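Asks: what's the 3D shape of this:
(2 chains)
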Amino acid sequence: MIKWLLMLALASGSAYAATPRQILDSLVAQAGPASAARGEKLYRGKFSGGKTADSCTACHTDNAKAVGQHVRTSKAIDPLAPVAHKDRFTDPEKVEKWFKRNCNDVLGRACSPQKKADFTAYMISLQ
Amino acid sequence: MHNDYRITWKHLLTLLLAVGGSTLLITRAPAHDQANFPMPGGKTYVDECGSCHTAYAPGMLPARSWRKLMAELADHFGEDASLADPRRMEITQALELLASDGSQATVRMRRINAAIPANAAPQRISETGYFKFIHDEVRPSIWKRKQIGTLANCIACHPRANDGRYGEREIRIPQN
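Replies: Take a look at the predicted model:
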């Protein structure tokens, strides 16, 4: 009875949860080894392909452990680094959704699995 | 036996909380505070519509405005905010139900609605007559503060806006 209730409680909770490490592992499985240094270059780089902003830092700031601000709506954005905000990189569907949106906003195209793996490795490396 | 009961109740509570948190149950604003707006229950609305900006209260616009907005998410004020069904449908229905012309509209919501021409489907809350009227004493220099930036950044000054709460006692205007 108790087991059954527990399972129901779990099943009715929303998205499937993972750890940042598991999310990185599944990206590495598609892309090959990840480099936090390359990830930092993507994070800090200036690009011209997108319509909304020229860099990730435009909304997430120079410091991924700090609170960011959306360039268009001015809304505060919780830090991206998992060390500063425990929910980050724990929901694969959410991570995928924002890579799709934000890479398009900044680069004008999707990020390759390699870029996503590097970026995630950089975020996890921040302590 | 007694032990069994205790454990079962604890888990029942967990179950109730989990179920309550994962469906779009409707939360009702208490009638005594007229600056409370009913919000779609659960996390879906705030997750999907509250990440780029405030999760706006449905009661700020009529159903026809929300229907139009939800049908044009691929070009949402220049952003791609598209959502797959059934989530899009689910949110559209919740917005329509709690809209300013919905059957459960509060007195304040009906006033908001009365100020919107019947042949218009405004997409911006910040351009409606009610919004302008209620904020006409907020100076332009305040809107331009770094942490506020735009009129539509409700949550910067109304910290509980995502719960539909705009009461005067809860207003906190950022100083810079």
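Asks: when you work out contacts or count neighbours from here on, use the C-alpha atoms and nothing else.
Replies: Fine.
Asks: who's the closest spatial neighbour of the most centrally placed residue in chain A, skipping the chain neighbours?
Replies: Centroid-nearest residue in chain A, with CA atoms, centre = their mean: A:V95, separated by 4.9 Å. Spatially, and ignoring its direct neighbours in sequence, A:V95 is nearest to A:F89 (6.2 Å; CA to CA, 6 or more residues apart in numbering or on different chains).
Asks: list the contacts for the one you found?
Replies: With contacts defined as CA atoms under 8 Å, 6 or more residues apart in numbering or on different chains, A:F89 is in contact with A:A18, A:T19, A:P20, A:I23, A:P82, A:V95, A:T120.
Asks: which residues touch the residue nearest the centre of chain B?
Replies: Taking CA atoms, centre = their mean, the centroid of chain B lies closest to B:A57, which sits 2.3 Å from it. Contacts for B:A57 (CA under 8 Å, 6+ apart) come out as B:F37, B:P38, B:M39, B:A161, B:N162, B:G164.
Asks: OK, contacts around the fifth one?
Replies: Contacts were defined as CA under 8 Å, 6+ apart; by that measure B:N162 touches B:V46, B:G50, B:T54, B:A55, B:Y56, B:A57, B:I155.
Asks: just the buried residues from the residues you listed, in ChimeraX please.
Replies: Entered in ChimeraX, the line below selects the buried ones among the contacts of B:N162, by 16 or more other CA atoms under 10 Å in any protein chain shown:
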select /B:46,54,55,56,57,155
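Asks: ok, so of the contacts of B:N162, who is nearest B:D75?
Replies: B:G50 (17.1 Å; CA to CA).
Asks: A:E93 belongs to a helix?
Replies: Yes - according to DSSP: H, G, I helix; E, B strand; the rest coil, A:E93 belongs to a helix.
Asks: follow-up on the earlier one: looking at the contacts of B:A57, state which has the most neighbours.
Replies: The most crowded member of the contacts of B:A57, judged by other CA atoms under 10 Å in any protein chain shown, is B:F37 (30 neighbours).
Asks: doesn't B:R165 make contact with it?
Replies: Yes - shown here, B:F37 and B:R165 form a contact pair, counting by CA atoms under 8 Å, at 6.3 Å.
Asks: which regions of chain A sit below the pLDDT cut-off?
Replies: Residue ranges of chain A with pLDDT under 70: A:1-16.
Asks: helices along chain A, start to end?
Replies: Counting by DSSP state H, chain A has helices at residues A:2-12, A:20-31, A:36-44, A:57-60, A:92-107, A:113-125.
Asks: apologies, that question was intended for chain B.
Replies: Using DSSP H, helices in chain B cover B:2-22, B:44-49, B:63-71, B:87-97, B:107-114, B:129-134, B:140-143, B:154-157.
Asks: mean pLDDT for these: which is lowest?
Replies: Lowest mean pLDDT within the helices of chain B: helix B:2-22, a mean of 43.
Asks: and of the contacts of A:F89, the nearest to chain B?
Replies: Taking CA to the nearest CA as the measure, chain B lies nearest A:V95 of those, at 12.8 Å.
Asks: burial of A:R44, as a residue count?
Replies: Residues near A:R44, counting by other CA under 10 Å, number 16.
Asks: so how far is B:G78 from the nearest residue to it once chain neighbours are set aside?
Replies: Closest residue to A:R44 apart from its sequence neighbours, by CA to CA, 6+ apart: A:T57 at 6.2 Å. Distance of A:T57 to B:G78, given as CA to CA, to the nearest Å: 20 Å.
Asks: name all residues that make contact with A:M123.
Replies: By CA under 8 Å, 6+ apart, the contact list for A:M123 reads A:A36, A:A64, A:L80, A:A81, A:P82.
Asks: try 6 Å
Replies: By CA atoms under 6 Å, 6 or more residues apart in numbering or on different chains, the contact set of A:M123 is A:A81.
Asks: equivalent analysis for B:A161, please.
Replies: B:A161 is in contact with B:I155, counting by CA under 6 Å, 6+ apart.
Asks: before we move on, the earlier item: output the contacts of B:A57 as JSON lines; include the columns pLDDT.
Replies: Below are those laid out as JSON lines (pLDDT from 0 to 100):
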{"residue": "B:F37", "pLDDT": "97"}
{"residue": "B:P38", "pLDDT": "96"}
{"residue": "B:M39", "pLDDT": "97"}
{"residue": "B:A161", "pLDDT": "97"}
{"residue": "B:N162", "pLDDT": "97"}
{"residue": "B:G164", "pLDDT": "97"}
